[in-house]
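Participant: Take this sequence and fold it.
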Amino acid sequence: MPIQGPRKDILIPLLLLAVITSIMILSGGCGCNQIFTLENLSLQHNSSSLFILPPKALEVYHFHETHQCYPCRVLGERTEEAMNKSFMQEIDEGKIIFRHVNVDLPENADIVSRFGTTSSSVMIGYIDDTGFHAENQIQLWYKLSDKKAFGEELSRAIIDRMTIYEQ
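Facilitator: Model prediction:
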């Protein structure tokens, strides 16, 4: 029996999927979101969006639109799972602020503007001697299919930033 090469009927769709996924990852999001501007905010309301920060709190936000594609929903689910598993005590103590933030809601305009997000993302915000920093955790898009690797990557990023406040 001759050795067969890769099946071409599967190879082309997989290659196309890899190219699309690479473009999405390199652009910092899934591409399902419009560029955020104050002019295109939805008129929906959500009274639970208060962002009052205690001093020296690390901020972790999953930014999303009202209508999310599947990868964007998975990003939020994985982030919440990792935060609840690894940082519940820090959240309860007020050392970490974690929230899902809908960029379409007018009441979230200040935090969206402060973080400068334009797509579905997980961002970490912190203040050090040089001021406020907002870091888009783009590498998490690479880990969506692996819960453990996703959690480890997010935990590593958070722990690295928490050391700023422990000094």
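
Participant: what about residue 85, which helix or strand?
Facilitator: Secondary structure from DSSP states H and E places residue 85 in helix 70-86.

Participant: C-alpha coordinates for that helix, CSV please?
Facilitator: Extracted in CSV, the C-alpha atoms of helix 70-86 (Å, rounded to 0.1, in the frame of the first residue of the first chain):
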residue,chain,number,x,y,z
TYR,A,70,-17.9,32.9,19.6
PRO,A,71,-14.1,33.5,20.2
CYS,A,72,-15.0,36.7,22.0
ARG,A,73,-17.4,34.9,24.3
VAL,A,74,-14.7,32.2,25.0
LEU,A,75,-12.2,35.0,25.8
GLY,A,76,-14.6,36.3,28.5
GLU,A,77,-15.4,32.8,29.8
ARG,A,78,-11.8,31.8,30.1
THR,A,79,-10.8,35.1,31.8
GLU,A,80,-13.6,34.7,34.4
GLU,A,81,-12.7,31.1,35.1
ALA,A,82,-9.0,32.0,35.5
MET,A,83,-9.8,35.0,37.8
ASN,A,84,-12.2,33.0,40.0
LYS,A,85,-9.7,30.1,40.2
SER,A,86,-6.5,31.9,40.9
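
Participant: Mind listing what's buried along that helix?
Facilitator: For helix 70-86, a neighbour-count test (16 or more other Cβ atoms under 10 Å) marks 71-72, 74-76, 78-79, 82-83, 86 as buried. Bear in mind the C-beta positions are built from the backbone N, C-alpha and C, glycine included.

Participant: Let me have these in a markdown table, extended by distance to residue 136 and pLDDT.
Facilitator: Listed next are these as a markdown table, based on distance: Cβ to Cβ, whole Å; pLDDT from 0 to 100:
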| residue | distance to residue 136 | pLDDT |
| --- | --- | --- |
| 71 | 15 | 95 |
| 72 | 14 | 94 |
| 74 | 17 | 96 |
| 75 | 12 | 97 |
| 76 | 15 | 96 |
| 78 | 16 | 97 |
| 79 | 13 | 97 |
| 82 | 16 | 97 |
| 83 | 17 | 97 |
| 86 | 20 | 96 |
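
Participant: and which of those is nearest to residue 143?
Facilitator: Among those, residue 78 lies closest to residue 143 (Cβ to Cβ), at 7.7 Å.

Participant: Many thanks, I have nothing further to ask.
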